[in-house]
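>>> coords please:
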Amino acid sequence: MINNKKFLVCGGDLRQIKLAESLAKDGCSVAVFGFNKDIEFNDEIRKYSNINHALEDIDVIILPLPCSVDDETINMPLSEEKLHASYLLKNISKNQIVVAGRVSDKIHTLADLYKVSIFDYFEREELTILNAIPVVLAI
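Here you go, the predicted structure:
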């Protein structure tokens, strides 16, 4: 059951903030990393400034859309810090699952190298179509 899982929402934009809040509202255990100090979260969401501490006792790591804009670092536009994808993937345990959007071939290769299970949620047609609607409306 999803409520038994412990999630880490790592980086991203307002969509990731809303996702963290939605998971917490549904009763899930949620931690976040990669957001500036001035960004407020609900009291039940744990906020970390150290990625190694954030990864402790986590089942699912949710990375943003796009996962990376430079194939080197995790996309964290709401943070002044940089998190190198290779460092993150190297420190993920074999029991943890990573989901991300628009995962590049380079990030997939790194995940394979470190034996990390990574799934690209943007490959799901229903998400791609639903994501296109606000993009078109914004034009």
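>>> quick one: low-confidence ranges for this protein?
Per-residue confidence for the chain (pLDDT under 70) gives these ranges: 1-3, 124-139.
>>> which residues in it form strands?
Taking DSSP state E, the strands of the chain run over residues 6-10, 29-33, 45-48, 60-62, 97-100, 117-120.
>>> so which of these gets nearest D70?
With Cβ to Cβ, the closest approach to D70 among these belongs to strand 97-100: 14.4 Å. Quick note: C-beta positions are derived from backbone N, CA and C, even for glycine.
>>> can you list the buried residues in the closest one?
Residues of strand 97-100 classed as buried by neighbour count (16 or more other Cβ atoms under 10 Å): V98, V99, A100.
>>> same deal with stretch 86-98?
L88, L89, I92, Q96, V98.
>>> can I get the strands of the chain in a markdown table with distance to H108?
Formatted as a markdown table, the strands of the chain follow (distance: least, Cβ to Cβ, whole Å):
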| stretch | distance to H108 |
| --- | --- |
| strand 6-10 | 17 |
| strand 29-33 | 22 |
| strand 45-48 | 26 |
| strand 60-62 | 15 |
| strand 97-100 | 10 |
| strand 117-120 | 7 |
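>>> so which of the ones you listed is nearest T73?
T73 lies closest, by Cβ to Cβ, to one member of the strands of the chain: strand 6-10, at 11.5 Å.
>>> quick one: the closest one to strand 29-33, angle?
20 degrees (axes from the mean of the first three to the mean of the last three Cα atoms, to 10 degrees).
>>> given strand 6-10, what are its sheet partners and their directions?
Here strand 6-10 is paired, per DSSP bridges, with strand 29-33 (parallel), strand 60-62 (parallel).
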